[in-house]
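*Asks:* sharing a sequence plus its predicted fold:
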Amino acid sequence: MRLQRVPIDIQAELEPIMRNPKVGAVVNFVGVVRQSGDLDDVIALELEHYPGMTEQTLWTLIEEAAARWQVEAVKIVHRVGRIALGNPVVLVAVAAPHRASAFDACEFLMDFLKTHAPFWKKEIQRSGASEWVETKISDEQAMKRWG
């Protein structure tokens with residue numbers, strides 16, 4: 001697990017976990033800065049976090065996923081700071097002997113990360129104006145399926 005201000009090198013992050021001979025499936029999710037809703041002039045996302053608490057929350061999520069599913073490796077790399085449109089914000093990768101565990105654990109991690117990890121997102125517009133991003137009801141509902 002790592003928080004960083006520099007771009008995420010997706011391939012470099014995935015290669016080490018794919019080399020494990022016990023791994024039969026690697027499922028990953030890459031979240032990317034995009035245009036959203038009414039704001040078609042978004043040029044970047046500014047991501048703030050609560051140092052110390054954010055890392056602890058992510059480690060707790062990783063431990064929970066490892067307790068629920070048979071996984072060989074879990075990796076979360078999350079950007080903080082200003083991230084330009086079209087660039088990766090987060091990589092969540094789960095390696096497991098079988099795909100079902102990898103898919104479920106990856107979805108679980110993303111659902112909880114979006115709703116429980118102490119990150120705050122602000123969309124930066126071409127004009128220089130900005131707007132904080134609220135948690136979506138659909139994200140809260142998705143999380144409920146994990147009990």
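*Replies:* Perfect, thanks for sending it.

*Asks:* for the rest of this, base every contact and every neighbour count on C-alpha atoms.
*Replies:* Will do.

*Asks:* and V33, how far is that from A66?
*Replies:* 28 Å (Cα to Cα, to the nearest Å).

*Asks:* where's the most centrally placed residue in the chain relative to G31, distance?
*Replies:* In the chain, the residue lying closest to the centroid (Cα atoms, centre = their mean) is V90, at 4.0 Å. Distance of V90 to G31, computed by Cα to Cα: 5 Å.

*Asks:* packing partners for the host helix or strand of I76?
*Replies:* In the assignment (DSSP states H and E), I76 maps to strand 73-79. Under the contact criterion of 3 or more Cα pairs under 8 Å, 6 or more residues apart in numbering; DSSP states H and E, strand 73-79 touches strand 2-4, helix 53-68, strand 88-96.

*Asks:* in its sheet, which strands sit next to the helix or strand just after it, and in what direction?
*Replies:* As assigned by DSSP H and E, the chain's next helix or strand after strand 73-79 is strand 81-84. Using DSSP bridges, the strands paired with strand 81-84 are strand 42-49 (antiparallel).
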